[in-house]
Structure formats: C-alpha cells, structure tokens
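Novice: give me a 3D structure for the following:
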Amino acid sequence: MRSQNKQSSMLTWPIIRKGLAYIFSGRLYVKNGHLPPPEHAIPDDLIGVCVASAADAGMDDYVISQLRLLGINQVRLDFSYGDLESFNARFLQRLVDEKFQITLHLLQPFSHAKNMASPTEQASWKAFLIAVLECFGSQVKRVEIGTTINRKRWAGYSVEGFLQAWAIAYHEVKQRGITLAGPNLTDFEPIYNIGILSMLKAKNQLPDIHTDNLFSERV
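Specialist: Residues are numbered from 1 along each chain as shown. Model prediction:
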C-alpha cells in the first residue's frame, strides 16, 4: 500500500534536485541532533488537538467540555467548501466565543484540488478563501494551507496545481496580516520538505510556520 502511495506522489525532478543538493551539502547534519536540548522550555500551547463536531449542537457542548477537562486550549479545525453554510461554521464560532486558540485548516476537496490548473477552479478557491477569511480570519490564531500534498492520491494536487493554490492562498492570508502555516507534507521526507520549501522561497511565499503531517507510529 505504501509503495502505491509513493508512486502517486508529486515527486518531480526540480524537487529531487533541490532536496539532493541540500542533503549532499551536509546541511542536514547536526551534532547530537537526535538528543533534546537540556533544560528546554516547553511552551504552554504545545499540546493541541484536531476537533470536529456534528449537526446536533449538543456535540459542540460535549467536545468543548472534554477539552476543558483536559486543559487543552489550542485546537485545529478542518474547514472546506460549503462549511460556511454548515454546522462547521457554528462550531467554529463557538470555539471563537469560548476563547480557544484556533488553527483553521482550509482545504479543498480532492475533486477540486486535482483541477487547480483550471481558471474556474482557481477562482472558486479564491472566492472560498475570501469568504472564510473575511468572516473568521481576524478571530483565529493562524490559518493552515495544504494537506498531505506529497501524496497525490490523497490530496489530488500536482506540483503545479499546489503551487497555484498556495500562491492564491498566500496572497489572501498575508494581506490580512494572518499567520500562515503549511504546506502540510506527509511524513518528514527531506527531499519533499526541502524541495517544496525551496520552491516557495524562490517565489517569496514561505509560510510563517512549516507544518508536517506525521503518523503516530513515526512521531
């Protein structure tokens, strides 16, 4: 299964070239880098969880009560097309009202992400971003763009399609002074991480926070 996912990844020669150049330069080596630094201060907001609710408003109460019980104040919420008209907007507003620190993860459905070369799809993505950011942008801690982008079978993006989606999102998020996180690569795979970030750096479109999607057995 994993080999099939690799075959459907977005690995291309520009990504490979940039990643290998960085690796062979020795810049990945950090002396004793496998050891945690001594007396490292752990921030209060280190622990957070992804949250979700349901059409029944009572689920909002349940999720929030469990977060309070655990003492967790930092949450991440997926938000996609149609959610401004669904219970997800109600839940997001409830999280805002309850003073949670929110990472709002804005993502495209697979069928839309795979067609980002289309001007019509680009316009739809931009319209979605503007609508959500105008409504909630000033009330969240940060916005995350991208989701397992180096697995084309999961996310739908080609390299060019993702770069187009990112450029549109970067403009809309940054012009509003919102912290931008991304691009949510699956696993820490240096060729991908280095390659994609190098491409974004060349376009002056680096995220404020680099996110990486690690499965629990690899964390």
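Novice: use CA for all of it now, contacts and neighbours both
Specialist: Noted.
Novice: is Glu144 part of a helix or strand, or is it coil?
Specialist: At Glu144, secondary structure determined by DSSP: H, G, I helix; E, B strand; the rest coil is strand.
Novice: distance of it from Leu106?
Specialist: Distance from Glu144 to Leu106, counting by Cα to Cα, to the nearest Å: 6 Å.
Novice: you'd agree Val140 is up against Val96?
Specialist: Yes - assessed by Cα atoms under 8 Å, Val140 is found in contact with Val96 at 7.3 Å.
Novice: which elements pack onto the helix ranked longest in the chain?
Specialist: Ordering each helix of the chain by length in residues (DSSP state H) puts helix 119-136 first. Secondary-structure packing of helix 119-136 (3 or more Cα pairs under 8 Å, 6 or more residues apart in numbering; DSSP states H and E): helix 159-174.
Novice: need the mean per-residue confidence for the helix it packs on.
Specialist: For helix 159-174, the mean pLDDT works out to 96.
Novice: circling back to that earlier point, which of Glu144 and Leu106 has more neighbours?
Specialist: Taking neighbours as other Cα atoms under 10 Å, Glu144 and Leu106 compare with Glu144 leading, 26 against 20.
Novice: run through the bridge partners of that one.
Specialist: His105, Ala181 (DSSP bridges).
Novice: give the contact list for it.
Specialist: 103-106, 180-183 (Cα atoms under 8 Å, 6 or more residues apart in numbering).
Novice: save those as JSON lines, and put in distance to Ile72 too.
Specialist: Output for the contacts of Glu144, formatted as JSON lines (distance: Cα to Cα, whole Å):
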{"residue": "Thr103", "distance to Ile72": "13"}
{"residue": "Leu104", "distance to Ile72": "16"}
{"residue": "His105", "distance to Ile72": "18"}
{"residue": "Leu106", "distance to Ile72": "22"}
{"residue": "Leu180", "distance to Ile72": "22"}
{"residue": "Ala181", "distance to Ile72": "20"}
{"residue": "Gly182", "distance to Ile72": "22"}
{"residue": "Pro183", "distance to Ile72": "24"}
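Novice: looking at those, which is nearest Leu92?
Specialist: Closest approach between the contacts of Glu144 and Leu92, by Cα to Cα: Leu104, at 8.9 Å.
Novice: on that earlier part again, can I get the longest helix of the chain in CSV, CA atoms only?
Specialist: Taking Å, rounded to 0.1, in the frame of the first residue of the first chain, the C-alpha atoms of helix 119-136 are listed here in CSV:
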residue,chain,number,x,y,z
PRO,A,119,-9.0,29.2,-14.1
THR,A,120,-12.5,28.4,-13.0
GLU,A,121,-11.2,26.3,-10.1
GLN,A,122,-8.7,29.0,-9.2
ALA,A,123,-11.5,31.5,-9.0
SER,A,124,-13.6,29.2,-6.8
TRP,A,125,-10.7,28.6,-4.4
LYS,A,126,-10.0,32.4,-4.2
ALA,A,127,-13.7,33.1,-3.5
PHE,A,128,-13.8,30.4,-0.7
LEU,A,129,-10.7,31.9,0.9
ILE,A,130,-12.0,35.4,0.8
ALA,A,131,-15.4,34.4,2.3
VAL,A,132,-13.9,32.5,5.1
LEU,A,133,-11.1,34.9,5.9
GLU,A,134,-13.5,37.9,5.9
CYS,A,135,-15.7,36.0,8.4
PHE,A,136,-13.2,34.4,10.7
